[in-house]
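# next input, structure requested:
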Amino acid sequence: MKKLYAVLGDPIGHSMSPFMLNDLFSFYNMDSVYLPFHVKGENLHDAVKGLKAVGVGGFNVTVPHKSNIIPFLDGIDELALNIGAVNTVVNENGQLIGYNTDGPGFLKGLNAILPNLTGQKVLLIGAGGAARAIYFTLAKENTQRLDIANRTIDRAIGLINDCPYSVDSKACSFEEAIELLGEYDLVIQTTLIGMSPKIYEQPIALNNLRNQSVFCDIIYNPLETQFLKDARQNGARIQNGIDMFVYQGALAFEKWTGIFPDVERMRDNVLKQLGGRTC
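Down below sits the predicted model:
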């Protein structure tokens, strides 16, 4: 019988993880299958119990369950515990252990164009779940500064205060971020602003960016958001959200199987699935 892996979310029909991960199981000749399960919040505990009962190898967790699932797991690693969110669960000898590969996945993708963050000045735009995972991960990378711009400054301050890792940070408004933009070596856009179908929106104007700085957007539909387009046209190096998505999936696959997969194959498969749906 095939080994079962899964992703839980609400909604779940848009997820490209099944395409990406089932291709890997086939590529590595593993008798396994990865299935999407549409799970409402009130049924989350039952879903977890059911997956555990049938001996699931592991599963992913997506919105809106990343935090709510924690009480239903047998254990959680330090980073996921500090972030307060789980996106990957591993069945370790009958125990369901939660991890968070979002931040580490972003970092692995980023390292392809920016191998070392030591001494870098970084601006994070947004203070939601994705920002939290990325902030906590980058806080351990010896950045010189790691600031957060958010519409609600109190939420950015709360994120900074929650982080157990020591890093020089300040919270600012979007308006302040526009004025300070030239100070940053790396700018990371983590909000949903600019996602299809509202592809011409962006969180801040980029008039003051530093030439040859790096601009990332965790959105990958469209592949080049207005934010990234403006950054590129103003001389910045850019990276979209494909790399974060691919690497968080690769790290999950590695935790389940012990194999770090072919990320180029994963990226190509995602791009094929996005064909015709990038705007």
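# at which residues are the strands of this structure located?
Along the chain, the stretches classed as strands by DSSP state E are 3-9, 32-38, 58-61, 75-76, 88-92, 95-99, 121-125, 145-149, 171-172, 186-189, 214-217, 237-239.
# tell me what angle the first one forms with strand 32-38.
Spelled out, that is strand 3-9. If you take axes from the mean of the first three to the mean of the last three CA atoms, to 10 degrees, strand 3-9 sits at 20 degrees to strand 32-38.
# columns distance to Leu159 on top of the strands of the chain, output as TSV?
Using the backbone N, CA and C atoms, a C-beta is placed for each residue, glycine as well. Listed next are those as TSV, based on distance: least, CB to CB, whole Å:
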stretch	distance to Leu159
strand 3-9	23
strand 32-38	30
strand 58-61	20
strand 75-76	19
strand 88-92	22
strand 95-99	20
strand 121-125	9
strand 145-149	6
strand 171-172	8
strand 186-189	13
strand 214-217	18
strand 237-239	22
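# got those as JSON lines, with mean neighbour count, distance to Ala139 and mean pLDDT columns?
Listed next are the strands of the chain as JSON lines, based on neighbours: other CB atoms under 10 Å; distance: least, CB to CB, whole Å; pLDDT from 0 to 100:
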{"stretch": "strand 3-9", "mean neighbour count": "21", "distance to Ala139": "27", "mean pLDDT": "98"}
{"stretch": "strand 32-38", "mean neighbour count": "18", "distance to Ala139": "32", "mean pLDDT": "98"}
{"stretch": "strand 58-61", "mean neighbour count": "25", "distance to Ala139": "23", "mean pLDDT": "98"}
{"stretch": "strand 75-76", "mean neighbour count": "18", "distance to Ala139": "19", "mean pLDDT": "98"}
{"stretch": "strand 88-92", "mean neighbour count": "22", "distance to Ala139": "20", "mean pLDDT": "98"}
{"stretch": "strand 95-99", "mean neighbour count": "19", "distance to Ala139": "18", "mean pLDDT": "98"}
{"stretch": "strand 121-125", "mean neighbour count": "24", "distance to Ala139": "10", "mean pLDDT": "98"}
{"stretch": "strand 145-149", "mean neighbour count": "24", "distance to Ala139": "6", "mean pLDDT": "98"}
{"stretch": "strand 171-172", "mean neighbour count": "18", "distance to Ala139": "14", "mean pLDDT": "98"}
{"stretch": "strand 186-189", "mean neighbour count": "26", "distance to Ala139": "13", "mean pLDDT": "98"}
{"stretch": "strand 214-217", "mean neighbour count": "26", "distance to Ala139": "16", "mean pLDDT": "98"}
{"stretch": "strand 237-239", "mean neighbour count": "19", "distance to Ala139": "20", "mean pLDDT": "97"}
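# distance of the nearest residue to Gly103 once chain neighbours are set aside from Asp243?
Distances taken as CB to CB, 6 or more residues apart in numbering put Thr137 closest to Gly103, at 3.0 Å, once the chain neighbours are dropped. Distance, Thr137 to Asp243, using CB to CB, to the nearest Å: 14 Å.
# ok, back up a step: quick one: which of the strands of the chain is nearest Tyr165?
When the strands of the chain are compared by CB to CB, strand 145-149 sits nearest Tyr165, at 9.6 Å.
# what packs against the closest one?
Applying 3 or more CB pairs under 8 Å, 6 or more residues apart in numbering; DSSP states H and E, one finds that strand 145-149 contacts strand 121-125, helix 129-138, helix 153-162, strand 171-172, helix 174-180.
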